[in-house]
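Participant: based on what follows, work out the 3D shape:
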Amino acid sequence: METEHSLILDLTIVLVATALGGFLSHRLHQPVILGYLVSGFAIGPFGLKLLSNVADIKSLAEIGVAFLLFALGVEFSLAELKRVKDIAIKGSLLQIGLTIALVAIVTVSTGWASGITKGIFLGAVLSLSSTAIVLKTLTEKGETNTVHGQIMLAILITQDLALGVMLAILPALQQPENIAVALGFSLLKIALFAITAIILSVWIVPRILSNIAATESNELFLLVVIALCLGVALITAYLGLSIAMGAFVAGLMISEIDYADQALAKILPLRDTFASLFFASIGMLIDPTILINNFGLILGLVTLVLLGKAAIILGIVLKFGYSLKNAIIVSLGINQIGEFSFVLALAGLKLELLSPQTYSLLLGTTAITLILTPFSLKVAPLIADYLNQNPFLTKFLQRFSAPKTISMPEIITGHVVVAGYGRVGQVIVNILQTEGYPVLVIENSEASVQRLRTRQIPYIFGDADSELVLEKAHLETAKALAIALPDPASTRLLLKNALTIAPNLDVIARSHSNKEIDILTQMGAKEVVQPEFEAALELGNHLLKTLGAAENYIQTVINTIRKDRYLSVRPDKE
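Facilitator: The predicted structure follows:
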């Protein structure tokens with residue numbers, strides 16, 4: 001009876017531990033992923049040894065990876081990806097190639113690798129980054145559709161695709177003369193899979209989901225979605241490609257059809273549940289004995305990996321014309337060793353391309369870099385903002401901050417500059433255009449820029465907080481600047497740079513918190529609007545009318561509240 005229930009018991013232990021770890025991390029204002037990793041270590045074979053079959057948990061954890069990538073595929077915007085397509089392919093291949101070359105040279109020259117073949121293999125292992133942890137962190141922060149988020153995901157997905165090629169040519173590393181044949185065969189498999197996926201997504205999958213949806217059975221629809229996700233993932237695994245890549249392609253198959261949102265809504269609870277198992281399984285790999293006995297060596301390896309990969313990625317992102325801010329966030333976001341490096345390392349261990357001691361050191365190094373990833377992504381914007389505000393780096397920063405696209409009259413004056421063309425920005429632009437005022441929009445989303453092109457609204461494609469972008473906006477001749485950006489740090493930096501260029505400019509800014517109202521006002525914004533308070537004022541307006549208050553009295557009350565920057569109605573706590 002104990003054997004029959006062992007999996008259920010192990011699964012319950014992991015879920016309870018990850019729930020507790022995630023809760024404690026949240027209360028300590030840390031990423032919940034960190035709680036999952038620590039929980040996995042605590043209950044794993046190197047901790048309290050509460051699990052009877054770790055292998056089964058790791059198998060379930062692979063489902064979490066599949067669901068993570070499937071959800072990404074469903075939400076994936078090909079329009080958004082167009083602006084990072086060059087770095088997705090050329091940049092990713094350059095990053096992988098440079099990492100392999102650098103690692104091979106260092107490991108062979110220092111004697112850590114006994115030959116160039118083993119050095120190349122180590123470089124391949126270290127070239128991969130963590131799609132699952134980066135994706136989870138970006139999702140929690142709501143940054144998957146930002147410029148840096150799209151760049152990171154584009155590079156990571158290309159790395160996952162490259163894993164399939166690496167696994168295919170791995171046996172040929174022992175016989176270098178067969179590498180060309182192995183590489184050609186691997187590319188052929190990828191091409192055939194891509195063609196098959198396109199056929200399924202255009203002619204077959206939409207019809208299947210349409211018929212299933214017609215039954216109006218939520219259970220049946222969920223079962224089909226799960227079967228599609230895991231089925232395609234298993235096919236790619238059978239072909240020697242990664243499970244993650246197959247799940248992502250499965251998501252892409254339904255991303256453009258009517259049932260995409262319904263499928264995503266059904267899969268999200270499963271994604272979050274099984275993803276916690278994956279992160280816990282990573283924690284189970286942490287062997288404290290190896291960490292303690294080789295602390296100095298592992299600490300050095302972690303430092304070399306994080307700094308080395310960050311330097312390579314930073315240079316590549318800058319080379320492709322993105323701002324230093326985006327380059328720093330991307331380089332510090334994907335400079336870890338990926339979870340799929342375990343797969344590659346294990347295959348290399350079996351082929352004796354890796355010694356057992358080196359394999360153990362890689363596990364410890366990888367686990368630490370994965371744990372540090374949420375912290376890196378948290379501090380990266382702060383580092384980027386600090387460097388952007390450093391006067392000694394101004395000239396250097398301007399080399400990488402040029403707007404990529406400009407569509408505006410050669411001479412523009414008396415216009416209103418709107419930074420951000422999201423939901424708030426679109427309403428502002430519509431009001432101004434209806435009243436006949438000239439408008440210039442600054443936006444860094446390709447999807448939003450496409451809407452601006454369609455409506456023939458003048459725009460600049462670039463980061464609104466960039467000094468060089470603002471110089472192109474002719475703020476010195478503008479009547480006003482409306483800031484409708486979703487990022488508080490970018491809002492503050494934009495306000496500072498705009499008033500440096502045009503000190504008397506009338507700036508209206510959107511606030512994201514109560515404290516920010518005072519900060520933006522002190523920085524020089526003429527008007528700061530807090531959307532939640534404005535919604536409350538409108539509700540109060542209607543309620544006072546319903547209760548019989550005079551129109552003049554109501555307007556006096558509302559204007560007084562706005563004049564003192566909502567101080568009289570702010571909640572006691574933020």
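Participant: just for the stretch 201-350 of the chain, where's the confidence low?
Facilitator: Along the stretch 201-350 of the chain, no part satisfies pLDDT under 70.
Participant: ranges for the helices of it?
Facilitator: According to DSSP state H, counting those that start in this stretch, the stretch 201-350 of the chain carries its helices in the segments 205-214, 218-238, 243-255, 260-284, 288-293, 295-319, 324-333, 340-350.
Participant: quick one: closest of those to Glu551.
Facilitator: helix 260-284 (42.1 Å; CB to CB). No exception for glycine: its C-beta is placed from N, CA and C like everyone else's.
Participant: quick check: closest non-adjacent residue to Thr18.
Facilitator: Ser276 (4.2 Å; CB to CB, 6 or more residues apart in numbering).
Participant: read off the pLDDT value for Lys479.
Facilitator: Note on Lys479: pLDDT of 93.
Participant: so what's it up against?
Facilitator: Gly414, His415, Val416, Tyr437, Asp506 (CB atoms under 8 Å, 6 or more residues apart in numbering).
Participant: measure it to His415 for me?
Facilitator: 7 Å (CB to CB, to the nearest Å).
Participant: which neighbours do the two share?
Facilitator: Tyr437.
Participant: between the helices of the stretch 201-350 of the chain, which one is closest to Ile57.
Facilitator: Going by CB to CB, the one of those nearest Ile57 is helix 260-284, 5.9 Å.
Participant: the inter-axis angle of that closest one versus helix 243-255?
Facilitator: Interaxial angle of helix 260-284 relative to helix 243-255 (axes from the mean of the first three to the mean of the last three CA atoms, to 10 degrees): 170 degrees.
Participant: longest helix anywhere in the chain?
Facilitator: helix 356-388 (DSSP state H).
Participant: buried ones in it?
Facilitator: Buried residues in helix 356-388, defined by neighbour count with 16 or more other CB atoms under 10 Å: 358, 360-374, 376-377, 380-381, 384-385, 388.
Participant: can you pull out the low-pLDDT segments for the stretch 1-150 of the chain?
Facilitator: 1-5, 76-84, 145.
Participant: again, 80 this time
Facilitator: Applying pLDDT under 80 to the stretch 1-150 of the chain flags the ranges 1-5, 29-31, 33, 52, 69, 72-73, 75-86, 140-147.
Participant: tell me where it has helices.
Facilitator: 6-27, 32-43, 54-75, 78-81, 85-86, 92-110, 116-127, 131-141, 147-169.
Participant: please enumerate the helices of the stretch 351-500 of the chain.
Facilitator: Under DSSP H, counting those that start in this stretch, the stretch 351-500 of the chain gives helices at 356-388, 394-398, 423-434, 446-455, 467-472, 488-501.
Participant: Val225 and Ala265 touch, don't they?
Facilitator: No: Val225 is not in contact with Ala265 according to CB atoms under 8 Å; the separation is 10.0 Å.
Participant: quick one, which of the two is more surrounded?
Facilitator: Val225 (24 against 11; other CB atoms under 10 Å).
Participant: how near is the more buried one to Phe193?
Facilitator: From Val225 to Phe193 the distance is 20 Å (CB to CB).
Participant: so what's Leu353 scoring on pLDDT?
Facilitator: Looking at Leu353, the pLDDT reads 85.
Participant: with adjacent residues omitted, what lies nearest to it?
Facilitator: The nearest residue in space to Leu353 (CB to CB, 6+ apart) is Phe121, at 4.6 Å.
Participant: how many residues are close by that neighbour?
Facilitator: 26.
Participant: what residues are up against it?
Facilitator: When contacts are counted by CB under 8 Å, 6+ apart, Phe121 touches Leu170, Leu173, Gly348, Leu353, Leu354.
Participant: separation between it and Leu362?
Facilitator: 11 Å.
Participant: which neighbours do the two share?
Facilitator: Contact criterion CB under 8 Å, 6+ apart; residues shared by Phe121 and Leu362: Leu354.
Participant: got the buried residues for stretch 283-294?
Facilitator: Buried positions in stretch 283-294, judged by neighbour count with 16+ other CB under 10 Å: Gly283, Met284, Leu285, Ile286, Asp287, Ile290, Leu291, Asn294.
Participant: any idea how far that stretch is from the chain center?
Facilitator: Counting by CA atoms, centre = their mean, to the nearest Å, stretch 283-294 is centred 29 Å from the centre of its parent chain.
Participant: now do stretch 234-252
Facilitator: Relative to its parent chain, stretch 234-252 has a centroid offset of 20 Å by CA atoms, centre = their mean.
Participant: quick check: end-to-end length of that stretch?
Facilitator: Its start and end residues considered, stretch 234-252 measures 16 Å (CA to CA, to the nearest Å).
Participant: and for stretch 546-557?
Facilitator: Termini of stretch 546-557 sit 15 Å apart (CA to CA).
Participant: measure Gly296 to Pro356 for me?
Facilitator: 20 Å.
Participant: what number of residues lie near Ile105?
Facilitator: Neighbour count for Ile105, taken as other CB under 10 Å: 14.
Participant: now do the same contact list for it.
Facilitator: By CB under 8 Å, 6+ apart, the contact set of Ile105 is Gly119.
Participant: same question for the one 10 residues further on.
Facilitator: Shown here is Gly115, whose contacts under the criterion CB under 8 Å, 6+ apart are Val108.
Participant: state the distance from Ile208 to Ser127.
Facilitator: 37 Å.
Participant: more neighbours: which of these two?
Facilitator: Shown here are Ile208 and Ser127; by other CB under 10 Å, Ser127 has more neighbours (27 against 14).
Participant: Gln159 is in contact with the more buried one, correct?
Facilitator: Yes: counting by CB under 8 Å, Gln159 is a contact partner of Ser127 at 7.3 Å.
Participant: need the overlap of contacts for those two.
Facilitator: Ile96.
Participant: got the helices of the stretch 351-500 of the chain as CSV, with distance to Thr117 and mean pLDDT columns?
Facilitator: CSV is the format used below for those (distance: least, CB to CB, whole Å; pLDDT from 0 to 100):
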stretch, distance to Thr117, mean pLDDT
helix 356-388, 14, 84
helix 394-398, 40, 57
helix 423-434, 54, 89
helix 446-455, 42, 80
helix 467-472, 46, 80
helix 488-501, 46, 87
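Participant: I'd like those as JSON lines, with distance to Asn514 appended.
Facilitator: What follows is these, written out as JSON lines (distance: least, CB to CB, whole Å):
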{"stretch": "helix 356-388", "distance to Asn514": "21"}
{"stretch": "helix 394-398", "distance to Asn514": "31"}
{"stretch": "helix 423-434", "distance to Asn514": "18"}
{"stretch": "helix 446-455", "distance to Asn514": "28"}
{"stretch": "helix 467-472", "distance to Asn514": "27"}
{"stretch": "helix 488-501", "distance to Asn514": "12"}
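Participant: so who does Ser376 touch?
Facilitator: Leu306, Leu332, Gly333, Asn335, Gln336.
Participant: what's the local residue count around Gly132?
Facilitator: Quick fix: residue 132 is Ala, not Gly. Ala132: 24 neighbours (other CB under 10 Å).
Participant: how far away is Lys90 from Leu72?
Facilitator: Counting by CB to CB - Lys90 and Leu72 are separated by 22 Å.
Participant: tell me the contacts of the nearest residue to Asp287 once chain neighbours are set aside?
Facilitator: In this structure, Asp287 finds its nearest non-sequential neighbour in Phe46, 5.0 Å apart by CB to CB, 6+ apart. By CB under 8 Å, 6+ apart, the contact set of Phe46 is Met284, Ile286, Asp287, Pro288, Thr289.
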